[in-house]
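Student: Okay, here's the prediction I keep looking at, along with the sequence it came from:
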Amino acid sequence: MKSLITGLVLLMLGGCAGLSQSPPDAREALKGLAANAARGLLASPPWSAQDTPAITILLRPAEVAETLPITPAALNEALGRALLSNENAPHVLDWAPASMSARVDGQWLLQAELTADSPPLRLSDRTLQPYRLQFDLSQPGGEHWQWQASGALDPDALPRTTESP
């Protein structure tokens, strides 16, 4: 009986040890970066906030620093999902024509650029890569608006370039 109780206690303690929080996977890391960027962009857009549901954002292929283990397609997908997940989300298309000569009201081109120009920060348990994410929103013959944010990310928590988000 004593060994049965001891076994049950050890089993319960082992179960509690398994409840520790695991590090975020690659999708979560990229999702967090994109969600922060989408909140920042939609906090003060170049259009009137009440017009946001009528806005269409066309995503041009993102530009991503070669030193980061992420593809432009993965960044665009994460940004599109993050923008669409907001309560009063604009329409988002992960497509943009090669050129737009005529201005269409409510239609904006978004070019995202993710750079990592600073050297990595080496911590005791991981390495962080400083980054700068810049959005360039434009309308042909119309407004041109930029937004940017910077921070640091753990490259090991991002998807490898062969993965999709």
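Tutor: Arrived safely, thanks for sending.
Student: Just to check, R126 is in contact with D154?
Tutor: Yes - applying C-beta atoms under 8 Å as the test, R126 and D154 come out as touching, 5.5 Å apart. In this view, the C-beta of every residue, glycine as well, is placed from N, C-alpha and C.
Student: Tell me the helices and strands packed up against the longest strand anywhere in the chain.
Tutor: Using DSSP state E, we find that the single longest strand of the chain is strand 127-138. In this structure, strand 127-138 packs against helix 26-43, strand 107-115, strand 121-122, strand 144-153, with contacts taken as 3 or more C-beta pairs under 8 Å, 6 or more residues apart in numbering; DSSP states H and E.
Student: Dump the ones you listed into TSV; add mean neighbour count as well.
Tutor: Converted to TSV, the helices and strands packed on strand 127-138 look like this (neighbours: other C-beta atoms under 10 Å):
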stretch	mean neighbour count
helix 26-43	18
strand 107-115	19
strand 121-122	10
strand 144-153	14
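Student: which residues touch the residue positioned nearest the centre of the chain?
Tutor: For the chain, A34 is the residue whose C-alpha lies nearest the centre (C-alpha atoms, centre = their mean; 1.8 Å). For A34, the contacting residues are L75, A78, L79, R81, A82, by C-beta atoms under 8 Å, 6 or more residues apart in numbering.
Student: A116 now?
Tutor: Going by C-beta under 8 Å, 6+ apart, A116 touches A65, T67, L68, Q129, P130, Y131, R132.
Student: hmm, which of those are the buried ones?
Tutor: L68, Q129, Y131 (16 or more other C-beta atoms under 10 Å).
Student: returning to that earlier point: what's the distance between the longest strand of the chain and the middle of its chain?
Tutor: Its chain's C-alpha centre and that of strand 127-138 lie 10 Å apart, by C-alpha atoms, centre = their mean, to the nearest Å.
Student: before we move on, what about stretch 142-158?
Tutor: Distance, centroid of stretch 142-158 to centroid of chain: 8 Å (C-alpha atoms, centre = their mean).
Student: thinking again about what came up before, what two of the contacts of A116 are the furthest from one another?
Tutor: Checked with C-beta to C-beta, those reach their widest spread between T67 and R132, with 12.7 Å between them.
Student: Quickly note the distance from the nearest residue to A49 once chain neighbours are set aside to Q107.
Tutor: Nearest residue to A49, sequence neighbours excluded (C-beta to C-beta, 6 or more residues apart in numbering): N88, at 7.6 Å. Remark: distance between N88 and Q107 (C-beta to C-beta, to the nearest Å) = 17 Å.
Student: Nothing else from me, thank you.
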